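# need a 3D model of the following:
(one chain, ligands or ions: 1)
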Amino acid sequence: MILELENVSRRRGDKMLLNNVNWQVREGEHWVLYGLNGAGKTSLLNLINAYFFPTEGKVSVLGMEFGKTYLAEKLRQQIGFVSSSIQQKISPHDNAYEVVLSGAFASIGLYQETTEEIDQKGVDILKELGCLEYANRKYETLSHGERQRVLIGRALMAEPALLVLDEPTNGLDFIAREELLESIENIAKKPDAPTIIYVTHHVEEILPVFDKTLLLKDGEVFASGNTDELITSELLSEFFGMPVNVMWSNDRPLLSKVQNRTSAVQNV
Ligand SMILES: Nc1ncnc2c1ncn2[C@@H]1O[C@H](COP(=O)(O)OP(=O)(O)OP(=O)(O)O)[C@@H](O)[C@H]1O
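From the prediction side, this is the model:
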């Protein structure tokens with residue numbers, strides 16, 4: 001089992017950041033974690049990464065149960081994490097190749113000697129993610145989309161059992177977003193792929209490989225299960241508290257607001 005959360009709550013003062021969350025992620029599954037701003041997604045990721053501990057409930061990540069053994073460092077080495085907070089920590093003067101290689105040591109910056117095997121693996125990953133042409137460019141000169149690819153490459157260097165992609169398409173234009181999604185899909189489809197948790201605000205980004213979804217609302221699990229059963233007009237209308245329409249095109253959902261009668265009349 002990759003992830004097992006049992007009746008997990010996290011309180012901060014009077015506020016419940018997470019309330020009675022149950023979630024099981026099995027090896028080989030790919031999940032979307034979907035929620036609006038403030039739903040508790042970051043809080044949940046902080047818990048998975050052992051930056052937070054639950055006030056109540058049981059958390060077990062990659063077979064390590066929190067509280068019983070304190071293995072935060074060991075755990076984090078086995079989780080590939082791509083987020084805007086990691087993005088900000090990368091040294092802007094390191095080149096793309098060095099950033100990717102640093103993932104082998106779970107370090108920010110490359111301080112250790114690499115082996116030939118590590119170097120080759122870095123090249124393979126750069127190739128796979130389409131980053132070879134800018135491998136020698138400084139991180140600070142890369143576009144937003146290129147940086148995200150490099151960060152995913154860095155995360156893959158450590159061969160993580162779990163890869164968490166926290167809103168990786170933020171700030172990307174349509175083409176860059178679709179290209180990045182294609183790369184993510186290719187990674188997910190590989191036989192030795194890590195389990196992926198893809199965090200997003202955008203239903204349109206749910207790729208067919210993400211066949212499991214957790215809908216988080218106000219710190220609680222609104223629903224979890226098979227994506228095609230959850231991402232429906234009916235369930236999402238209930239989730240948003242307003243009527244929405246979900247249409248599927250090329251196995252990807254498209255979301256739109258259903259116009260109510262009053263606004264339709266106003267538009268006449
Ligand atoms: N340290 C804290 N103290 C008090 N409230 C907090 C703290 N951290 C987060 N919150 C609140 O908990 C709620 C959940 O926040 P969280 O950042 O987990 O949501 P999110 O789903 O990641 O949102 P976004 O998509 O906007 O990043 C929010 O209402 C937030 O204001």
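
# do a quick rundown of the helices in the stretch 151-268 of the chain.
For the stretch 151-268 of the chain, the helices defined by DSSP state H, counting those that start in this stretch cover 174-189, 227-230, 233-240, 261-266.

# what helices and strands are in contact with the third one?
Identification of packing neighbours for helix 233-240 by 3 or more CB pairs under 8 Å, 6 or more residues apart in numbering; DSSP states H and E yields strand 212-217, strand 220-226, strand 244-249. The way it works is simple: take the backbone N, C-alpha and C, and place the C-beta from them, glycine included.

# what's the closest of the helices of the stretch 151-268 of the chain to the ligand?
Between the ligand and the helices of the stretch 151-268 of the chain, the tightest spacing by CB to the nearest ligand atom is seen for helix 233-240, at 13.6 Å.

# helix or strand with the lowest mean pLDDT in the chain?
helix 261-266 (a mean of 58; mean pLDDT, DSSP states H and E).

# quick one: A155 and A104 touch, right?
No. With contacts counted by CB atoms under 8 Å, A155 stays clear of A104, the gap being 11.0 Å.

# what parts of this structure come near the ligand?
Within the chain, the positions near the ligand by CB under 6 Å from any ligand atom are R12, K15, L17, G35, N37, G38, A39, G40, K41, T42, S43, H201.

# show me what the second one is bridged to.
Yep, that's K15 we're talking about. Residues in a beta bridge with K15, per DSSP bridges, are R12.

# gap between it and S43?
In this structure, K15 and S43 are separated by 10 Å, where distance is defined by CB to CB, to the nearest Å.

# the helices of the stretch 151-268 of the chain into JSON lines, with extra columns for distance to E73 and mean neighbour count?
Converted to JSON lines, those look like this (distance: least, CB to CB, whole Å; neighbours: other CB atoms under 10 Å):
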{"stretch": "helix 174-189", "distance to E73": "25", "mean neighbour count": "16"}
{"stretch": "helix 227-230", "distance to E73": "33", "mean neighbour count": "16"}
{"stretch": "helix 233-240", "distance to E73": "37", "mean neighbour count": "16"}
{"stretch": "helix 261-266", "distance to E73": "54", "mean neighbour count": "9"}
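
# redo the ones you listed as TSV? Include distance to A50.
What follows is these, written out as TSV (distance: least, CB to CB, whole Å):
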stretch	distance to A50
helix 174-189	24
helix 227-230	27
helix 233-240	29
helix 261-266	47
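
# out of these, nearest to C131?
Between C131 and those, the tightest spacing by CB to CB is seen for helix 174-189, at 9.6 Å.

# what's that closest one packed up against?
Using 3+ CB pairs under 8 Å, 6+ apart, helix 174-189 is in contact with helix 144-157, strand 195-200.

# let's have those in JSON lines, adding mean pLDDT and mean neighbour count.
Supplementary listing: the helices and strands packed on helix 174-189 in JSON lines, determined by pLDDT from 0 to 100; neighbours: other CB atoms under 10 Å:
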{"stretch": "helix 144-157", "mean pLDDT": "94", "mean neighbour count": "24"}
{"stretch": "strand 195-200", "mean pLDDT": "97", "mean neighbour count": "23"}
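
# rebuild these as TSV, extending it with distance to G57.
Converted to TSV, the helices and strands packed on helix 174-189 look like this (distance: least, CB to CB, whole Å):
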stretch	distance to G57
helix 144-157	27
strand 195-200	19
